[in-house]
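>>> missing the sequence, but the structure's below:
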């Protein structure tokens, strides 16, 4: 039997992410254009798969494309104030019809279950209802927005009960007021409010484009502070709501393209992801290694040891020296490591340090993580008031030279380190002076 090792390895590597998301709540928002795209059926399959894996899922749908089309057919003018629709009585009636039609089509898409299809035997239940209490937006810049509203309250307890029954909770961008009136809502605002009310693990916002681009280059992750800087020069409603959601307490917001097949699974179940993530917590951290990190470090350094780039270390030696190691951790997974070893003089005093065992996972090279790790080790040496640091390398000397190191001779090493120099390995010796703070 032929097997695709790439697929098998991807599925195996997805296991930690599957375990982490089981029982968690995700809020997914899809604009109206996404439901008309040819990839929507694949997206339905992927969302159903998440529920089968134990993820609690809330789907919020937009409908601007469908409403615009319905208004055009009815001969009613589209009226906006900025990017917000002005909803008069006549427009509201058209919106109700467009939303109802789209909601039934979504429910039908999640109810399919033909044999030999991804939805076979799923028995997925879709639950929607009056979960949202709304209030009028009111008058903005002198413009009466009429029946355009904002979320006032979410019936989170009722939604949680539905989620506990493994149902998909479907939210339409319309809400009822305490007076029984209906108000037209922004689906992105609704999704952000739902994520806040439910304490969702993630908010996923679909849009037409893939990753955000800054200066023509794709960006895969941004801290909340970085995202706010980007938003000053990038006109993106989706990004603005992502920032608002993070500022309201949602830890991570993912921006994905509804046009890309499988993008949701790649984003959630792989380390490299497939979209742009906005985060408010320490998604990527640099920290000192602990004894339970030995396995992760071995996974990073073994390939380089086989290539002769690094000197082989036994697990026992690594465990004994673990206090010297520093890790770069992405989403809880070690992706880079390095060690800072003290160099002692003949009297036993620390006179310098050696950086060793620098390793970066291939999927995370080129993102500046090696440079950040090096800077972190330099700060450690500076804190210890060491005047210089050394590196012994056979294949990466230019990388260190680009970062301020210069090549020196064996005689420039402290005498205690000279005696341990491996002549057969013939490593280049590089040195960098540590500038005091």
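Received the coordinates, thanks. None of the values given here were measured: they were computed from a predicted structure.

>>> Quick check: the residue nearest to the spatial centre of the chain vs residue 312, distance?
For the chain, the residue sitting closest to the mean C-alpha position, by Cα atoms, centre = their mean, is residue 277 at 3.7 Å. Distance of residue 277 to residue 312, given as Cβ to Cβ, to the nearest Å: 36 Å. Heads up, the C-betas are built off the backbone N, CA and C, glycines and all.

>>> With residue 391 instead?
18 Å.

>>> The two: who's more crowded?
Remark: of residue 391 and residue 312, residue 391 carries more neighbours, 24 against 11, as counted by other Cβ atoms under 10 Å.

>>> How about that one: which residues does it bridge to?
On the basis of DSSP bridges, residue 391 is bridged to residue 355, residue 430.

>>> What of residue 276?
Beta-bridge partners, per DSSP bridges, of residue 276: residue 255.

>>> for the host helix or strand of residue 229, packing partners?
Secondary structure assignment for residue 229, by DSSP states H and E: helix 224-231. Of the remaining helices and strands, those touching helix 224-231 by 3 or more Cβ pairs under 8 Å, 6 or more residues apart in numbering; DSSP states H and E are helix 237-247, strand 276-279.

>>> tell me what the last one is packed against?
Pointing back at strand 276-279 there. By 3+ Cβ pairs under 8 Å, 6+ apart, strand 276-279 packs against strand 221-223, helix 224-231, helix 237-247, strand 252-257.

>>> So what's the residue count around the residue nearest to residue 168 when sequence neighbours are not counted?
Computed as Cβ to Cβ, 6 or more residues apart in numbering, the closest residue to residue 168 that is not its neighbour in sequence is residue 126, at 4.9 Å. When neighbours are counted by other Cβ under 10 Å, residue 126 registers 17.

>>> list the buried ones in the longest helix seen in the chain?
Longest helix of the chain, by residue count under DSSP state H: helix 89-109. For helix 89-109, burial by neighbour count (16 or more other Cβ atoms under 10 Å) applies to 91-92, 94-95, 98-99, 102-103, 106-107, 109.

>>> ok, back up a step: most packed of the helices and strands packed on helix 224-231?
strand 276-279 (a mean of 26; mean count of other Cβ atoms under 10 Å).

>>> Could I get the average pLDDT for that strand?
Averaging pLDDT along strand 276-279 gives 91.

>>> who touches it?
211-212, 218-224, 227, 239, 242-243, 246, 251-255, 267, 283 (Cβ atoms under 8 Å, 6 or more residues apart in numbering).

>>> can you check stretch 212-227 too?
210-211, 230, 234, 236, 239, 242-243, 246-247, 255, 272-273, 275-280, 283-284.

>>> run the last query once more with 10 Å
By Cβ atoms under 10 Å, 6 or more residues apart in numbering, the residues outside stretch 212-227 that reach it are 209-211, 228-231, 233-234, 236, 238-240, 242-243, 245-247, 252-255, 267, 272-284, 330-331, 367.

>>> Show me what the longest helix of the chain packs onto, helices and strands only.
helix 32-36, helix 40-52, strand 56-61, helix 64-74, strand 126-127, strand 168-171, strand 174-176, strand 182-184 (3 or more Cβ pairs under 10 Å, 6 or more residues apart in numbering; DSSP states H and E).

>>> Okay, now the unreliable bits of the stretch 101-250 of the chain?
113-122 (pLDDT under 70).

>>> From one end of stretch 209-219 to the other, what's the distance?
12 Å (Cα to Cα, to the nearest Å).

>>> Figure out how far it is from the centre of its chain.
Relative to its chain's centre, stretch 209-219 lies at 14 Å (Cα atoms, centre = their mean, to the nearest Å).

>>> mind listing what's buried in that stretch?
Neighbour counts over stretch 209-219 (16+ other Cβ under 10 Å) mark 209-212, 219 as buried.

>>> who's in contact with the closest residue to residue 244 other than its chain neighbours?
Leaving out its chain neighbours, the residue that sits closest to residue 244 by Cβ to Cβ, 6+ apart is residue 192, at 5.8 Å. Neighbour list for residue 192: 27, 29, 60, 151, 186, 200, 203, 205, 241-248, 250, 253 [criterion: Cβ under 10 Å, 6+ apart].

>>> repeat for residue 141
81-82.

>>> repeat for residue 124
44, 47-48, 51-52, 57, 107, 110-113, 166-168.

>>> Now with 8 Å, please.
By Cβ under 8 Å, 6+ apart, the contact list for residue 124 reads 48, 51, 110-111, 167-168.

>>> before we move on, what about residue 435?
Residues in contact with residue 435 (Cβ under 8 Å, 6+ apart) are residue 382.

>>> ok but it is inside a strand, no?
No: read with DSSP: H, G, I helix; E, B strand; the rest coil, residue 435 is coil and lies in no strand.

>>> how close does it get to residue 190?
53 Å.

>>> cool, residue 332 as well?
Counting by Cβ to Cβ, the gap from residue 332 to residue 190 is 30 Å.

>>> Can you pick out the residue with more neighbours from the two?
residue 190 (27 against 12).

>>> Next, the angle strand 56-61 makes with the host helix or strand of that one.
According to DSSP H and E, residue 190 maps onto helix 187-198. On the basis of axes from the mean of the first three to the mean of the last three Cα atoms, to 10 degrees, helix 187-198 is oriented at 160 degrees to strand 56-61.

>>> Off-centre distance for the following helix or strand past helix 187-198?
Following helix 187-198 in sequence order, the next helix or strand is strand 202-207 (DSSP H and E). Taking Cα atoms, centre = their mean, one finds strand 202-207 lying 10 Å from the centre of the chain it belongs to.
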